[in-house]
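Chemist: model the structure of this input:
(2 chains)
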Amino acid sequence: MLQFSVKRLFRGVLVILLVTFLVVVLLSLAPGSAASVILGENANPAEVARLEHEMGLDRSVFVQWLSWLGSAATGDLGTSPVTYQPVTTAILERLPVTLEIAFLALLIALVISIPLATIAARRPDSGVDRGINGLTSIFLAIPAFVAAPVLVYFLAVEARVFPVIGWDPLSEGLVANLRTAFLPALCVALIEVAAFQRILRADLGTTLREEYVEAARAKGMTARYVLWRHAFRPSSFSLLTVAGISLGRLIGGTIIVETFFSLPGIGQLVAGAISSRDIVMVQGVVAFVAVAYVLVNTLIDVGYGMLDPRVRVAAAR
Amino acid sequence: MSAESVAGSVAAPVVSPVRRRRNVLVWLSTAWILLVIVVTVFAGVLPFADYGVPVGLPRADPSGDFHQLLGLDGQGRSVLSRLVYGARVSLLVGVIAGTVATVIGMVLGLIAGYFRGIADTIIMYVTDALLAFPPLVLLLAISSILRPSFYTLLIGLTTLVIPTFARLARANTLNWASREFVLAARNMGWGPFRIAFREVLPNVIPSVLAYFPTVVAALIVAEGSLSFLGLGVPSPTPSWGSMIADGKDYLRTDPFLVFVPAAAIFLTVFALNQCGDYARHRFDRATRD
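Modeler: Prediction:
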């Protein structure tokens, strides 16, 4: 077990190093360095070169990466040359909004997909199963940028259930906060429903054919009891992994809804930084999101091994 | 699946038949995709209005007039013609990026899966690192370096899906490389490259290509997301994502400006996913449980 966890963690750390290196390389390719952004378009080349030297931008990419890693390890991701705000502060200020949207979306997707999957699995290959599959296919074809304006039109403009745009922080009360968070979360959740429903439906289908399920049924337990108490837990591991992967995707995917609903989250931060060519900020946010994504997935893989003994055995072999 | 593993597993394997009932949805989906392809290919010779020039009053409602069939946008341009030319961008980007990524990814996956060793380790770590970026974040990072253009989009989207195809090809290669016919080829004295490309690759291709429609659908969504954020193909060239972005300002009064491109994206992505599901069911059976 320990060996499996250590191996997985080691792999995670290596991927993180590679990810940060890619980010530094990628953004060093940008035309116009951070120095020329600070000094403006009409700066004279000598001054730009001097500032580049001061900022260490004339060093090799590898050295830049090492020094970036060094300061990142102490929590310093640099200071934006456009807003003069430290990148770490900007991220931490906006992280709660993005996390709330992402977790709420995950919750919505699970609440929709788990009942759909269990209902479908109880009657495999029936009309109900196919109907639910069709329904999730529809969800799968609704990306956030399509869902957002359409849902806003029906639920906010016409029905006036939700505000059209804007954000009420948690300090203004949970209800007010959720009213502004629900619609954006729903927009990014729809597309995830399909993946969740399918993976759980497939795993439940396999588990329900196991002999111990047959034995439980033979003992006269109700179908509902067998499904939830015997089949659900061993079938939920792939769902857990997929949910972890989608959490990372959701954190990145909130960019669309944060821009559309003007929510003060990380997505809006990076979108703004790109339009103002704030390379330091883009670098910091992209690295942060990617590292968070790898961390979440690594931890889930390790946790998965703790929950399901079969993984440990397979890994030890 | 070997006889041992069948006997070893508790649950009886259920292998669904290759030919299921003719699926009406798949036929309709294919018809829609063909329609979109034909209309976009012949957009130039069909009598559509110029997508960049106003043909009437801004935001005119849909009417019987051919150019106004789906109404006019905020600048009085024909929504119908913008929809058709927008399809051109979405489809071209999706298909070209998908094709290039399939070829590159397949070769990388084949090398990783057949030769293993150091090449495998490097390719797997790099794909892991690329897959560690949430798709849209990677695209944003790329478009922050390069100025938004058709080629920037292509580069970004191709990079985005190469890892997916490399993974798929590697998994399939691992599956086929241990078969008897590969051993036979080796005993006949064939070189490793000849075996990899002549014996293994032909078996890997159908399984990997089965994912092509689904990946193109994902690419169309990614392109739409970028255009929605204003980082896609620069204006006045229309794209479905930028049409939604433009139309959302008039949501209160003229929702059709959003609904029309939204419906187009929905139908196309839905149709591609249906074809993808069918293709995977039909051609990707080797690695299925």
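Chemist: any idea how far residue A:239 is from residue A:233?
Modeler: In this view, residue A:233 and residue A:239 are 11 Å apart by Cβ to Cβ, to the nearest Å. Placement of C-beta: from N, CA and C, glycine included.
Chemist: who has more neighbours out of those two?
Modeler: Of the pair residue A:233 and residue A:239, residue A:239 is the one with more neighbours under other Cβ atoms under 10 Å in any protein chain shown, namely 23 against 12.
Chemist: list the contacts for that one?
Modeler: Residue A:239 makes contact with A:196, A:199, A:200, A:203, according to Cβ atoms under 8 Å, 6 or more residues apart in numbering or on different chains.
Chemist: nearest to chain B among the residues you listed?
Modeler: Nearest to chain B out of the contacts of residue A:239 is residue A:203 (Cβ to the nearest Cβ; 10.3 Å).
Chemist: now do the contacts for residue 251.
Modeler: This is for chain A. With Cβ under 8 Å, 6+ apart, residue A:251 has these contacts: A:98, A:99, A:102, A:266, A:289, A:292, A:293, B:134.
Chemist: can you look at chain B instead?
Modeler: A:149, A:152, A:153, A:157, B:257, B:258.
Chemist: next: residue A:169.
Modeler: Contacts here follow Cβ under 8 Å, 6+ apart; on that basis residue A:169 touches residue A:177.
Chemist: ok, 10 Å please
Modeler: A:96, A:97, A:100, A:176, A:177, A:180, A:264 (Cβ atoms under 10 Å, 6 or more residues apart in numbering or on different chains).
Chemist: and these, which of them are buried?
Modeler: By neighbour count, with 16 or more other Cβ atoms under 10 Å in any protein chain shown, the contacts of residue A:169 hold A:97, A:100, A:177, A:180 as buried.
Chemist: which of these sits closest to residue A:211?
Modeler: Closest approach to residue A:211 among the buried ones among the contacts of residue A:169 (Cβ to Cβ): residue A:100, at 43.8 Å.
Chemist: ok, the closest one touching residue A:178?
Modeler: Yes. Judged on Cβ atoms under 10 Å, residue A:100 makes contact with residue A:178 at a distance of 9.2 Å.
Chemist: and for the two, which residues touch both?
Modeler: Common contact partners of residue A:100 and residue A:178 (Cβ under 10 Å, 6+ apart): A:170, A:185.
Chemist: whichever strand or helix holds residue A:149 near chain B anywhere?
Modeler: Using DSSP states H and E, residue A:149 falls within helix A:144-151. Yes. Residues of helix A:144-151 contacting chain B under Cβ under 10 Å from any Cβ of the partner chain: A:144, A:145, A:146, A:147, A:148, A:149, A:150.
Chemist: just give me the longest helix of chain A.
Modeler: Looking across chain A with DSSP state H, the single longest helix is helix A:87-122.
Chemist: elements contacting that helix?
Modeler: helix A:61-73, helix A:127-140, helix A:174-207, helix A:223-225, helix A:232-235, helix A:237-260, helix A:266-275, helix A:279-307 (3 or more Cβ pairs under 10 Å, 6 or more residues apart in numbering or on different chains; DSSP states H and E).
Chemist: what helices and strands are in contact with the first one?
Modeler: Spelled out, it's helix A:61-73. Checked by 3+ Cβ pairs under 10 Å, 6+ apart, helix A:61-73 has helix A:2-28, helix A:87-122, helix A:279-307 packed alongside it.
Chemist: out of those helices, nearest to residue B:176?
Modeler: helix A:2-28 (25.8 Å).
Chemist: okay, the angle between the closest one and helix A:279-307?
Modeler: With axes from the mean of the first three to the mean of the last three Cα atoms, to 10 degrees applied, the angle from helix A:2-28 to helix A:279-307 works out at 160 degrees.
Chemist: avg pLDDT for the helix holding residue A:149?
Modeler: The pLDDT scores in helix A:144-151 average 88.
Chemist: now do it against helix A:87-122, angle only.
Modeler: Going by the same axes, to 10 degrees, helix A:144-151 makes 80 degrees with helix A:87-122.
Chemist: which intervals of the stretch 51-200 of chain A have sub-threshold pLDDT?
Modeler: Under the criterion pLDDT under 70, the flagged ranges of the stretch 51-200 of chain A are A:55-56.
Chemist: give me the secondary structure label for residue A:77.
Modeler: coil (DSSP: H, G, I helix; E, B strand; the rest coil).
Chemist: ok, it touching residue A:289?
Modeler: No. Applying Cβ under 10 Å, one finds residue A:77 not in contact with residue A:289, separated by 12.0 Å.
Chemist: what do the two both touch?
Modeler: Looking at what touches both residue A:77 and residue A:289 (by Cβ under 10 Å, 6+ apart), the common residues are residue A:91.
Chemist: with neighbour numbers in mind, choose between those two.
Modeler: Applying other Cβ under 10 Å to residue A:77 and residue A:289 shows that residue A:289 carries more neighbours, namely 27 against 22.
Chemist: so that one sits against residue A:270, correct?
Modeler: Yes. Applying Cβ under 10 Å as the test, residue A:289 and residue A:270 come out as touching, 8.0 Å apart.
Chemist: intersection of neighbour lists for the two?
Modeler: Shared contacts of residue A:289 and residue A:270 (Cβ under 10 Å, 6+ apart): A:91, A:252, A:255, B:136, B:137, B:141.
Chemist: can you pick the most crowded of those residues?
Modeler: Most neighbours among these, by other Cβ under 10 Å: residue A:255, with 30 neighbours.
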